[in-house]
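> coordinates only, no sequence provided:
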Ligand SMILES: Nc1ncnc2c1ncn2[C@@H]1O[C@H](COP(=O)(O)OP(=O)(O)OP(=O)(O)O)[C@@H](O)[C@H]1O
Ligand SMILES: [Mg+2]
């Protein structure tokens, strides 16, 4: 059973189509990265999934429950909003205790200590007002984790953090893998590359790509090739004449080409080298970064 499944989910604000026909599936136990530039509809999706906004059309099933028919599933979902708010005069322990009271968590003392330990704030005695952003974000995660939810929904948990803070938060999310299902939105590609199993890319309210990181990279893999030869100009002219290229760039002492048929290209390059009496110094297939994939996908649709 999928933990999240949306069916033709739409959310319109007057004429603005913030979400259009979203069909998304998040299997149990994975970390799903929901990527998209500003205004793509990430927060809107999350608000609809959490029953904070009503879908205009379509629906979603969370842990098997239809969000239009029930709110019971919310007890099994932990949520970190994009801009979490805290009472600055509390310590972390007091804050979690307050959350446990208002949400009716059983056996709160034990659970609070376990959670503080998990997010690395167990020995932190100072008030929240003195916390760094990274610490606040970890406390936000603690609050989301406190009820021991099956699903965690995190809205941009790493935005506004410096590299060290981001690493801490990502490591923490990664440590939950398998035990919980995590759905988190971000516009930071390296975050998803680091910890996600699957990603969805949203653009202007539409899901334009959804797959495992592995497949996505495979799909775009081996399309850029770097070549170094003893006479770059000559080789560049020859290659332009002979091979169907999407793109060619001469950079430093290399030629980078982008091709659609990698097998053909790899057969033809050595032939061209020999025919033109050149010396091959380097031939390398370049791995695409998610940045490449993201730019290609978001610009081409
Ligand atoms: N309550 C609202 N009323 C009108 N328009 C809205 C409302 N909420 C969101 N929108 C619009 O819907 C679109 C998607 O917004 P959303 O906040 O979901 O994007 P996002 O992907 O979370 O962006 P960001 O990365 O900036 O957080 C935007 O064009 C936004 O202006
Ligand atoms: Mg947002």
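Yes, it's here. Note that the coordinates shown come from a computational prediction; the quantities given were computed from them, not determined experimentally. Ligands and ions are numbered 1, 2, ... in the order given.

> so who does residue 46 touch?
When contacts are counted by Cβ atoms under 8 Å, 6 or more residues apart in numbering, residue 46 is found next to 79, 153, 155, 183, 185. The C-beta positions use only the backbone N, C-alpha and C, and glycine is treated the same way.

> ok, residue 228 next?
Residues in contact with residue 228 (Cβ under 8 Å, 6+ apart) are 253-255, 280-283.

> tell me how far it lies from residue 283.
According to Cβ to Cβ, to the nearest Å, residue 228 and residue 283 sit 8 Å apart.

> just the strands in the stretch 101-250 of the chain please.
Chain-ordered strands for the stretch 101-250 of the chain, with DSSP state E, counting those that start in this stretch as the definition, fall at 151-155, 181-186, 198-203, 206-212, 224-229, 247-251.

> for those strands, which has the smallest mean pLDDT value?
Set side by side, the strands of the stretch 101-250 of the chain give their lowest mean pLDDT on strand 247-251, at a mean of 87.

> packing partners for it?
Using 3 or more Cβ pairs under 8 Å, 6 or more residues apart in numbering; DSSP states H and E, the elements in contact with strand 247-251 are helix 232-242, strand 254-258.

> got CSV for those, with mean neighbour count, mean pLDDT and distance to residue 190 too?
Conversion of these to CSV gives the following (neighbours: other Cβ atoms under 10 Å; pLDDT from 0 to 100; distance: least, Cβ to Cβ, whole Å):
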stretch, mean neighbour count, mean pLDDT, distance to residue 190
helix 232-242, 15, 92, 32
strand 254-258, 18, 92, 22
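
> and of the ones you listed, who's closest to residue 141?
Distances from residue 141 to each of those were compared using Cβ to Cβ; the minimum, 40.1 Å, belongs to strand 254-258.

> which strands and helices sit next to the closest one?
With contacts defined as 3+ Cβ pairs under 8 Å, 6+ apart, strand 254-258 has these neighbours: strand 224-229, helix 232-242, strand 247-251.

> those: which one's closest to ligand 2?
In terms of Cβ to the ion, the element of these nearest to ligand 2 is strand 224-229, at 32.0 Å.

> how far does that closest one sit from its chain's centre?
Between the centre of strand 224-229 and the centre of its host chain there is 31 Å, according to Cα atoms, centre = their mean, to the nearest Å.

> can you list the buried residues in it?
224-225, 227-229 (16 or more other Cβ atoms under 10 Å).

> cool, stretch 272-284 as well?
Using 16+ other Cβ under 10 Å as the test for burial, stretch 272-284 gives 272-273, 278.

> straight-line length of that stretch, end to end?
Looking at stretch 272-284, the gap from its leading to its trailing residue is 16 Å under the measure Cα to Cα, to the nearest Å.

> next: stretch 266-284.
When the termini of stretch 266-284 are compared using Cα to Cα, they are 10 Å apart.

> neighbouring contacts of it?
Around stretch 266-284, the neighbours that count as contacts under Cβ under 8 Å, 6+ apart are 225-231, 234-235, 238-239, 242-243, 254, 285.

> now tabulate the helices and strands packed on strand 247-251 in TSV and tack on distance to residue 199.
Formatted as TSV, those follow (distance: least, Cβ to Cβ, whole Å):
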stretch	distance to residue 199
helix 232-242	34
strand 254-258	22
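
> nearest to ligand 1 among those would be which one?
Comparing these against ligand 1 with Cβ to the nearest ligand atom, the closest turns out to be strand 254-258 (29.3 Å).

> now the closest one, how far from the chain's geometric center?
Counting by Cα atoms, centre = their mean, strand 254-258 is centred 29 Å from the centre of its parent chain.

> mind listing what that strand pairs with, with the direction of each?
With DSSP bridges as the criterion, the sheet partners recorded for strand 254-258 are strand 224-229 (antiparallel), strand 247-251 (antiparallel).

> please name the nearest non-neighbouring residue to the residue of the stretch 201-301 of the chain at minimum distance from ligand 2.
For the stretch 201-301 of the chain and ligand 2, the shortest gap (Cβ to the ion) falls at residue 202, measuring 10.5 Å. By the measure of Cβ to Cβ, 6 or more residues apart in numbering, the closest residue to residue 202 outside its immediate chain neighbours is residue 36, 3.6 Å from it.

> list the buried ones in the strand or helix carrying residue 266?
With secondary structure defined by DSSP states H and E, residue 266 is part of helix 262-275. The neighbour-count check on helix 262-275 (16+ other Cβ under 10 Å) flags 265, 269, 272-273 as buried.

> that'll do, ta.
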